[in-house]
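J.: turn this into a model:
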Amino acid sequence: MAATTIPRNAFYAQSGGVTAVINASACGLIEAARAASPRIGKVFAGRNGIIGALTEDLIDTSCESAADIASLRHTPGGAFGSCRYKLKGIDQQRAQYERLIEVFRAHDIGYFFYNGGGDSMDTAHKVSQIAEHLGYPLVCVGVPKTVDNDLPLTDCCPGFGSVAKYVATSMREAGFDVASMSRTSTKVFVLEVMGRHAGWITAACGLAGETAAEPPHIVLLPEIPFDEARFLARVQECVERYDYCTIAVSEGLLDASGRLLADMGTKDAFGHAQLGGVGQQIAQLVKDKLGYKYHWALADYLQRAARHIASRTDVEQAYALGRAAVELALSGRNAVMPVIERLSDSPYRWQLGVAELKNVANVERTVPRDFISEDGFSITEKCRAYLAPLIDGEDFPPFRNGLPDYVRLQNVPVPRRLPEFTI
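T.: Numbers count the residues shown, from 1 in each chain. Okay, here's the model as predicted:
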């Protein structure tokens, strides 16, 4: 007679800035976990990321219908709430790590899935270490996500393809607007996009134009130190040649000394400098030095929430990585993260692989120099070949009364079993 499988529950949480497709990963993961019954019992989601685990604020996803879980695939944002909360070293915050294991033990959690970027993969790696140290049987798997596209060992990161599609589309459309009005009105348009240290999103704006005459005429990447004189000369050249100039700039633009132009002097919860307003700074510089009338725009949350124009490639990869995380956990792979491996550019073909969390955590991938033109103001054909497949295809959400029809889950809480814990 076969031995009876005793199911253990799973914990899933979302961390860091959310995306248009992070919920697609949640959908793939939850659906795969449900299909894996009886090896996996329930999937408990942490309300607001790892904070939900520390405070024992868990959500019972088994209360959600199959239809609502399926609807996560086309819903932006973080369905269970996210957070910017970084666990420090185990020696510094041992009580918090022990609390996590205490909560997992109380709810018989044997699988830990953390959906996020570099800091989140660091957290997942540390949780696997403390579980091993304390002798608690826990399989930890990271699920990649970041619009910044800066995780190593994966061809691309879920969330990036959709942001890239949005900003390239926005730049192309804004370019038509500015060109229409440039003779009597605006001469310069600046679009500020996300990207603290890595300029992948800014580079994606370069997809909008297929010739030097088409927007964007200039991209300003954090990988290339900002040279005011060279920049102003290029702006003037574009206006004289095309009658207008469009510029894409990363929020993380640096000057020659390595200083962030938009450093506000404060830090976020991950310890990163808070940024804002570099687009306005660049636009005002053009006005002050060259006298051109300008407009500037800050894509901000719009770029990462734009599920209505998500990349089909991005959606498919996000969903596949969620499912792959469960498959890795069930096969006993611990402290790993599923990744995308590119097989070819055209046609674009990819497959799933796996990376060790210890090789992913706290490693940041920036735009390679050969993806950037010699003068630093545009992208190369090699970069275009890399980026183009990631924005390919449409995956429109259902619409109702003219607007996207997104799902809001019940998020039923799991009864607490432990004393209150303050973080």
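J.: any low-confidence regions in the stretch 251-400 of the chain?
T.: The model of the stretch 251-400 of the chain has pLDDT under 70 over residues 264-276.
J.: could you confirm Leu232 falls within a helix?
T.: Yes - the assignment for Leu232 is a helix, going by DSSP: H, G, I helix; E, B strand; the rest coil.
J.: for it, give me its contacts.
T.: Leu285, Val286, Lys289, Leu290 (C-beta atoms under 8 Å, 6 or more residues apart in numbering). No exception for glycine: its C-beta is placed from N, CA and C like everyone else's.
J.: of those, which is the most crowded?
T.: Val286 (24 neighbours; other C-beta atoms under 10 Å).
J.: quick one: it from Ala233, how far?
T.: Remark: distance between Val286 and Ala233 (C-beta to C-beta, to the nearest Å) = 12 Å.
J.: on that earlier part again, now, which of the contacts of Leu232 lie within helices?
T.: Leu285, Val286, Lys289, Leu290 (DSSP state H).
J.: I figured the last one hits Gln236, correct?
T.: What that stands for is Leu290. Yes - counting by C-beta atoms under 8 Å, Leu290 touches Gln236, with 5.9 Å between them.
J.: what's near enough to touch Ser82?
T.: Gln14, Ser15, Gly16, Gly17, Val18, Ile22, Asn48, Gly49, Gly116.
J.: my bad, should have said Ile201
T.: Val147, Asp148, Asn149, Phe160, Val163, Ala164, Val167, Val193, Met194, Gly195, Ser250, Gln303.
J.: for this structure, longest helix please?
T.: The chain, longest helix under DSSP H: helix 160-181.
J.: can you name every helix or strand that it contacts?
T.: The contact analysis (3 or more C-beta pairs under 8 Å, 6 or more residues apart in numbering; DSSP states H and E) places helix 160-181 against strand 188-193, helix 200-205, strand 245-250, strand 294-298, helix 300-305, helix 312-330.
J.: repeat that with 7 Å
T.: For helix 160-181, the packing partners by 3 or more C-beta pairs under 7 Å, 6 or more residues apart in numbering; DSSP states H and E come out as strand 188-193, helix 200-205, strand 245-250, helix 300-305, helix 312-330.
J.: make a markdown table from the ones you listed and add distance to Ala256 to it.
T.: Output for the helices and strands packed on helix 160-181, formatted as a markdown table (distance: least, C-beta to C-beta, whole Å):
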| stretch | distance to Ala256 |
| --- | --- |
| strand 188-193 | 20 |
| helix 200-205 | 18 |
| strand 245-250 | 16 |
| helix 300-305 | 27 |
| helix 312-330 | 35 |
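J.: just want the angle from the longest helix of the chain to helix 312-330.
T.: On the basis of axes from the mean of the first three to the mean of the last three C-alpha atoms, to 10 degrees, helix 160-181 is oriented at 160 degrees to helix 312-330.
J.: and the angle for helix 160-181 with strand 188-193?
T.: Going by the same axes, to 10 degrees, helix 160-181 makes 170 degrees with strand 188-193.
J.: with just CA atoms, put helix 160-181 into PDB.
T.: Output of helix 160-181 as PDB, limited to C-alpha atoms (Å, rounded to 0.1, in the frame of the first residue of the first chain):
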ATOM      1  CA  PHE A 160      10.100  44.900 -17.900                       C
ATOM      2  CA  GLY A 161       8.700  43.900 -21.300                       C
ATOM      3  CA  SER A 162       5.400  45.600 -20.500                       C
ATOM      4  CA  VAL A 163       7.000  48.800 -19.200                       C
ATOM      5  CA  ALA A 164       9.200  48.800 -22.300                       C
ATOM      6  CA  LYS A 165       6.200  48.600 -24.500                       C
ATOM      7  CA  TYR A 166       4.400  51.400 -22.600                       C
ATOM      8  CA  VAL A 167       7.300  53.900 -22.700                       C
ATOM      9  CA  ALA A 168       8.200  53.200 -26.300                       C
ATOM     10  CA  THR A 169       4.600  53.700 -27.300                       C
ATOM     11  CA  SER A 170       4.300  56.800 -25.200                       C
ATOM     12  CA  MET A 171       7.400  58.300 -26.700                       C
ATOM     13  CA  ARG A 172       6.200  57.500 -30.300                       C
ATOM     14  CA  GLU A 173       2.800  59.100 -29.700                       C
ATOM     15  CA  ALA A 174       4.200  62.100 -27.900                       C
ATOM     16  CA  GLY A 175       6.600  62.600 -30.800                       C
ATOM     17  CA  PHE A 176       3.800  62.900 -33.200                       C
ATOM     18  CA  ASP A 177       2.200  65.500 -30.900                       C
ATOM     19  CA  VAL A 178       5.400  67.600 -30.600                       C
ATOM     20  CA  ALA A 179       6.100  67.400 -34.300                       C
ATOM     21  CA  SER A 180       2.700  68.800 -35.000                       C
ATOM     22  CA  MET A 181       3.200  71.900 -32.800                       C
END
